[in-house]
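Student: Below: sequence and its predicted model.
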Amino acid sequence: MPVLNEEGYLEHAVRSVLGQEVDGPVEVILALGPSSDRTDEIARRLAAADPRIRLIANPAADIPIGLNLAIRAAIHPTIVRVDAHSELEPGYTTRGLATLARVRAANVGGVMRADGRTPFQRAVARAYNSPVGLGGGAYHSGATEGPAESAYLGVMRRGVLDEVGMFDESIRRGEDWELNLRIRRAGYRVWFDPGLSVTYWPRERWSRLARQFRSTGTWRGELVRRYGRRNSLRFFAPPALAVVAVLAVVVGALQAFGVLSGVAGLAASVVYLPLIAYVALLVAYALTPGAGPGARERLWTLVVLPTMHLAWGAGFLLGAARGARENVDTSRLDRNTPLP
């Protein structure tokens, strides 16, 4: 479990792991980044209370580096990746191990079931759980069991990880997708089991959500540069929306200043149609049942969805144009925290 600034979530995440009933020895390895809150204090307290918990330092803070450090420190043949912002459902590990053996896979993942504690976070969670929000990936929408492009978190064979070179430490976001690509290229199975479920807690504030999705989009753009058509077509929808939004602003300005008028102005107005359709979709989605117990979640949905789509799309265009370079996801860092 890579950990950074998770004082509000770490203990729940670790408890959900320790509560797994596994027929065999278990260790919990926390790769601690340079947190600026009480995360390290909580981790030390948990480790002092349970000898199964081991702490290792991840001074670079990057997720793939922390994962590799933890995997190298592990002593068992199966690796279960856990996010400090998540909680494993009861029986998750036992089922994951059983599925791994049953289908002879190298990596097995399940469903990310986002949840929230505040109206904003619940609106983000609803977007995560819907094809309207994140494009309908299997582990978001809960498709049927079978071979998969990637796996959320994952129950993995250590031997396969050693063979393919573990996580690529040059990739700060999307490292799981890239790892699973190499696993499949090596001839092994990546498997989706909808019976596996993990509760995920999204970002709690708008600014952090926007920073997270901008960074994620930037790294997806980098992965497109590296792997081209191996990326799913659904990854290109947010950047297309961002391009249309920019064109609409430009056309609107030209029309307002009279540069575009008459037939030319009317023809240029066609750029508004996709945005009108998009806004109609947002409104319809916000008004459908399931938006939450009150109106606040519905209103936040109208903010959350375009934030996710446009931030991701803008980041994608930047990453595809010049690469991700040293882009860092700062959504779990305080503004005053220096970057590692």
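Tutor: Looks like it came in fine.
Student: Skip the chain neighbours and tell me the closest residue to E163.
Tutor: Of all residues not flanking E163 in the chain, A186 sits nearest, at 6.6 Å (Cβ to Cβ, 6 or more residues apart in numbering). Using the backbone N, CA and C atoms, a C-beta is placed for each residue, glycine as well.
Student: Now do the helices in this structure.
Tutor: 10-18, 39-49, 63-73, 92-102, 119-128, 131-134, 138-141, 158-164, 175-185, 206-227, 237-256, 262-268, 272-287, 295-322 (DSSP state H).
Student: Tell me which other helices or strands the last one touches.
Tutor: The reference is to helix 295-322. For helix 295-322, the helices and strands in contact under the criterion 3 or more Cβ pairs under 8 Å, 6 or more residues apart in numbering; DSSP states H and E are helix 119-128, helix 131-134, helix 206-227, helix 237-256, helix 272-287.
Student: change it to 6 Å
Tutor: Packing partners of helix 295-322 (3 or more Cβ pairs under 6 Å, 6 or more residues apart in numbering; DSSP states H and E): helix 119-128, helix 206-227, helix 237-256, helix 272-287.
Student: of all these, which gets the most neighbours per residue?
Tutor: helix 119-128 (a mean of 24; mean count of other Cβ atoms under 10 Å).
Student: what's that helix packed up against?
Tutor: helix 295-322.
Student: Which positions within the helix it packs on qualify as buried?
Tutor: The neighbour-count check on helix 295-322 (16 or more other Cβ atoms under 10 Å) flags 297-320 as buried.
Student: what's around P77, how many residues?
Tutor: Residues lying near P77 (other Cβ atoms under 10 Å) number 8.
Student: can you check V103 too?
Tutor: 14.
Student: Kindly report the same for the one 10 residues further on.
Tutor: Using other Cβ under 10 Å as the criterion, R113 is surrounded by 18 other residues.
Student: can you pull the contacts of it?
Tutor: For R113, the contacting residues are 197, 199, by Cβ atoms under 6 Å, 6 or more residues apart in numbering.
Student: That one bridge partners, please.
Tutor: R113 has these beta-bridge partners by DSSP bridges: T199.
Student: gap between it and M308?
Tutor: The spacing between R113 and M308, counted by Cβ to Cβ, to the nearest Å, is 17 Å.
Student: Ok, A74 next?
Tutor: Going from A74 to M308 by Cβ to Cβ gives 34 Å.
Student: What is the distance between stretch 6-26 and the centre of its chain?
Tutor: Its chain's C-alpha centre and that of stretch 6-26 lie 20 Å apart, by Cα atoms, centre = their mean, to the nearest Å.
Student: please begin residue numbering at 722 from this point
Tutor: Okay, residue one is now 722; in that scheme the one you just asked about reads as stretch 727-747.
Student: List the contacts of that stretch.
Tutor: The contact list for stretch 727-747, computed with Cβ under 6 Å, 6+ apart, reads 749, 758-760, 763, 767, 773, 803, 805-806, 808-809, 814, 922.
Student: Provide a ChimeraX selection command restricted to the buried entries of the residues you listed.
Tutor: Selection command for ChimeraX covering only the buried members of those, criterion 16+ other Cβ under 10 Å:
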select :749,758,760,763,767,803,805,806,808,809,814,922
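Student: one step back: would you confirm that the residue nearest to E884 contacts V885?
Tutor: Yes - between A907 and V885 a contact is recorded at 5.4 Å, counting by Cβ atoms under 6 Å.
Student: quick one: which of those two has more around it?
Tutor: Between A907 and V885, counted using other Cβ under 10 Å, V885 has the larger neighbour count: 19 against 12.
Student: so what pLDDT did the residue nearest to that one when sequence neighbours are not counted get?
Tutor: Leaving out its chain neighbours, the residue that sits closest to V885 by Cβ to Cβ, 6+ apart is R903, at 4.6 Å. At R903, the model reports a pLDDT of 96.
Student: returning to what we had before: for T1051, which of the helices of the chain is the nearest?
Tutor: helix 927-948 (5.3 Å; Cβ to Cβ).
Student: Convert the C-alpha atoms of that closest one to PDB, please.
Tutor: C-alpha atoms of helix 927-948 as PDB (Å, rounded to 0.1, in the frame of the first residue of the first chain):
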ATOM      1  CA  TRP A 927     -13.100  20.600  -6.100                       C
ATOM      2  CA  SER A 928      -9.500  21.900  -6.400                       C
ATOM      3  CA  ARG A 929      -8.100  18.400  -5.600                       C
ATOM      4  CA  LEU A 930     -10.400  16.700  -8.000                       C
ATOM      5  CA  ALA A 931      -9.400  19.100 -10.800                       C
ATOM      6  CA  ARG A 932      -5.700  18.600 -10.100                       C
ATOM      7  CA  GLN A 933      -6.100  14.800  -9.900                       C
ATOM      8  CA  PHE A 934      -7.800  14.600 -13.300                       C
ATOM      9  CA  ARG A 935      -5.500  17.000 -15.000                       C
ATOM     10  CA  SER A 936      -2.500  14.900 -13.900                       C
ATOM     11  CA  THR A 937      -4.200  11.700 -14.900                       C
ATOM     12  CA  GLY A 938      -5.100  13.000 -18.300                       C
ATOM     13  CA  THR A 939      -1.500  14.300 -18.800                       C
ATOM     14  CA  TRP A 940      -0.100  10.800 -18.200                       C
ATOM     15  CA  ARG A 941      -2.700   9.200 -20.400                       C
ATOM     16  CA  GLY A 942      -1.500  11.600 -23.200                       C
ATOM     17  CA  GLU A 943       2.100  10.300 -22.400                       C
ATOM     18  CA  LEU A 944       0.900   6.700 -22.700                       C
ATOM     19  CA  VAL A 945      -0.700   7.500 -26.000                       C
ATOM     20  CA  ARG A 946       2.700   8.900 -27.200                       C
ATOM     21  CA  ARG A 947       4.300   5.600 -26.100                       C
ATOM     22  CA  TYR A 948       1.800   3.000 -27.000                       C
END
